[in-house]
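Trainee: Need coordinates for the following:
(2 chains)
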Amino acid sequence: MKAETVTALQAARVERRAVVLATRLSDASETLIYPDRAEGALASDATLLAAAHRAMEIGRSETVDLGGQKIFLNVYVPPARLIIVGAVHIAQSLAPMASLMDFDVTVIDPRRAFATDSRFPGVKVMQEWADEAFEKMGLDSSTAVVTLTHDPKLDDPALEYALRSDVFYVGALGSRRTHAKRQERLTEAGISAEQFARIHGPVGLNIGAKSPAEIAVSILGQIVEVRARRLEALAGPKVVAA
Amino acid sequence: MSDALDVLDQVGKWKNSGKGVAVATVITTWGSSPRPVGSQLGVDESGAMVGSVSGGCIEGAVVKEALAAIADGKPRLLDFGVTDEQAWDVGLACGGKVQVFVEKVS
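Mentor: Residues are numbered from 1 along each chain as shown, chains lettered A, B, ... in the order given. Below you'll find the predicted structure:
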């Protein structure tokens, strides 16, 4: 591996860009493939690029055989991100549990009493309105958003923004009744029924969770499930490169 | 995935400080294996390790090859598994098989 390759992989992570490193096993020659460009020894090999883009999409590293050449495709995707809106009691369990699962966690709450670093050691805390924070962060398909405030004036703008993006998971705390009222408000704000249906609400798997920590487990269980099913669906039957 | 990048962070630091460094990567697995394809182990010229390519079963052997790769600059493809003669020495107790690619950082 070239030292410049290490640097390029690190830069891609900082920019939250996916990249595939294709290494030809016979001579360790390298090609870096990004969603929109490629550089290196095999950058103009269309078959390789197609295989790399597919590996990137399903997030699975693998060795492929291209015309008798063994090439290892190592997929580097930015860590999935969990954005928690509402620095509430449940968030205090959810944030550290999600960090253990390698999520890049951010907690957002404009209320000063809630959004303190001392309540969330080791987690990014933004004392801002969610939609303004989202604008700065940029939501993408490796992001999950969960709203926990119970307060429409804080949750609704976050949900509206998230539903207009391609985040892979949107969850909103609240009973069925709360959720029905939420639908009325968001419909008025221009959210379609189809967009609204993306919200997991009441949030989490139905495991009878009661305590904040149990509710955090049910939410994380649901996020893991949604992500795994999505990747399975994308992967489909395994394709053998020509 | 994030820990593969943590490995590369350390590899970059070693390299920048002028050390000889190699990277080992799990490139194929069969059956049950402790670490998924793409998992990486960084090794410096003194044998210091970062990351993992197994649950600790084959790291010793991989480090030996990594040091050889640092010395001669040639990439290596290593096979480990219970069918191997060396299974009892450096095999995978879980019964899986892995293929590990070892290369020098140049």
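Trainee: what does chain A put close to chain B?
Mentor: Counting by C-beta under 8 Å from any C-beta of the partner chain, the residues of chain A close to chain B are A:1-3, A:6-7, A:9-10, A:13, A:23, A:25, A:27-28, A:59-63, A:72, A:74-79, A:102, A:104. In short, each C-beta sits where N, CA and C put it, glycine included.
Trainee: Among those, which ones are in strands?
Mentor: Among those, the residues falling in strands (DSSP state E) are A:23, A:62-63, A:72, A:74-76, A:104.
Trainee: Now chain A against chain B: closest residue?
Mentor: Per C-beta to the nearest C-beta, residue A:61 is where chain A lies closest to chain B, at 3.5 Å.
Trainee: so how many other residues sit close to that residue?
Mentor: 24 (other C-beta atoms under 10 Å in any protein chain shown).
Trainee: circling back: are any of the residues of chain A next to chain B buried, and which?
Mentor: With neighbours counted by 16 or more other C-beta atoms under 10 Å in any protein chain shown, the residues of chain A next to chain B contain buried members at A:1-2, A:6, A:9-10, A:13, A:23, A:25, A:28, A:59-63, A:72, A:74-79, A:104.
Trainee: Using the three-state scheme, assign the residue lying closest to the residue of chain A closest to chain B once chain neighbours are set aside.
Mentor: Take residue A:61 and drop its neighbours on the chain: the residue closest to it by C-beta to C-beta, 6 or more residues apart in numbering or on different chains is residue B:38, 3.5 Å away. Secondary structure state of residue B:38, per DSSP: H, G, I helix; E, B strand; the rest coil, is coil.
Trainee: Got the phi and psi for residue B:38?
Mentor: phi 100, psi -20 (degrees, to the nearest 10).
Trainee: where exactly do the helices run in chain A?
Mentor: A:3-14, A:46-58, A:89-100, A:130-137, A:152-163, A:176-188, A:193-196, A:212-235 (DSSP state H).
Trainee: Please identify which of those helices is closest to residue B:22.
Mentor: helix A:3-14 (12.1 Å; C-beta to C-beta).
Trainee: contacts for that closest one?
Mentor: Taking C-beta atoms under 8 Å, 6 or more residues apart in numbering or on different chains as the criterion, the residues outside helix A:3-14 that touch it are A:18-19, A:21, A:30, A:32, A:34, A:76, A:78, B:5, B:8-9, B:11-12, B:15, B:105-106.
Trainee: Compare the residues you listed and tell me which is most surrounded.
Mentor: Ranking these using other C-beta under 10 Å puts residue B:11 first, with 27 neighbours.
Trainee: what helix or strand is the residue nearest to that residue when sequence neighbours are not counted on?
Mentor: Spatial nearest neighbour of residue B:11, excluding adjacent residues (C-beta to C-beta, 6+ apart): residue B:42 at 4.1 Å. Applying DSSP states H and E as the criterion places residue B:42 in strand B:40-44.
Trainee: Okay, now the sheet partners of that strand, with direction.
Mentor: According to DSSP bridges, strand B:40-44 has the following sheet partners: strand B:21-30 (antiparallel), strand B:49-51 (antiparallel).
Trainee: centre of the chain versus the next helix or strand after the shortest one, how much separation?
Mentor: Sequence-wise, the next helix or strand downstream of strand B:49-51 (DSSP H and E) is helix B:59-72. Offset of helix B:59-72 from its chain centre (C-alpha atoms, centre = their mean, to the nearest Å): 8 Å.
Trainee: hmm, helix B:59-72 touching chain A?
Mentor: No. Using C-beta under 8 Å from any C-beta, helix B:59-72 stays clear of chain A, with a minimum separation of 9.6 Å.
Trainee: Who are the packing partners of that helix?
Mentor: Using 3 or more C-beta pairs under 8 Å, 6 or more residues apart in numbering or on different chains; DSSP states H and E, the elements in contact with helix B:59-72 are strand B:21-30, strand B:40-44, strand B:76-81, helix B:87-90, strand B:97-104.
Trainee: what would the ones you listed look like in a markdown table with distance to residue A:151, mean pLDDT and mean neighbour count?
Mentor: Output for the helices and strands packed on helix B:59-72, formatted as a markdown table (distance: least, C-beta to C-beta, whole Å; pLDDT from 0 to 100; neighbours: other C-beta atoms under 10 Å in any protein chain shown):
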| stretch | distance to residue A:151 | mean pLDDT | mean neighbour count |
| --- | --- | --- | --- |
| strand B:21-30 | 47 | 93 | 24 |
| strand B:40-44 | 44 | 96 | 26 |
| strand B:76-81 | 55 | 90 | 18 |
| helix B:87-90 | 58 | 54 | 12 |
| strand B:97-104 | 51 | 93 | 23 |
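Trainee: ok so, going back, can you give me the distance of the residue nearest to residue B:11 to residue A:149?
Mentor: 43 Å (C-beta to C-beta, to the nearest Å).
Trainee: Return the backbone torsion pair for the residue of chain A positioned farthest from its centre.
Mentor: Distance from the C-alpha centroid of chain A, by C-alpha atoms, centre = their mean, peaks at residue A:68 (35.9 Å). When read as degrees, to the nearest 10, the backbone of residue A:68 gives phi 90, psi -10.
Trainee: Indicate the residue of chain B located nearest to chain A.
Mentor: Counting by C-beta to the nearest C-beta, chain B gets nearest chain A through residue B:38, at 3.5 Å.
Trainee: Test my guess that that residue contacts residue A:73.
Mentor: No. Using C-beta atoms under 8 Å, residue B:38 makes no contact with residue A:73, being 9.0 Å away.
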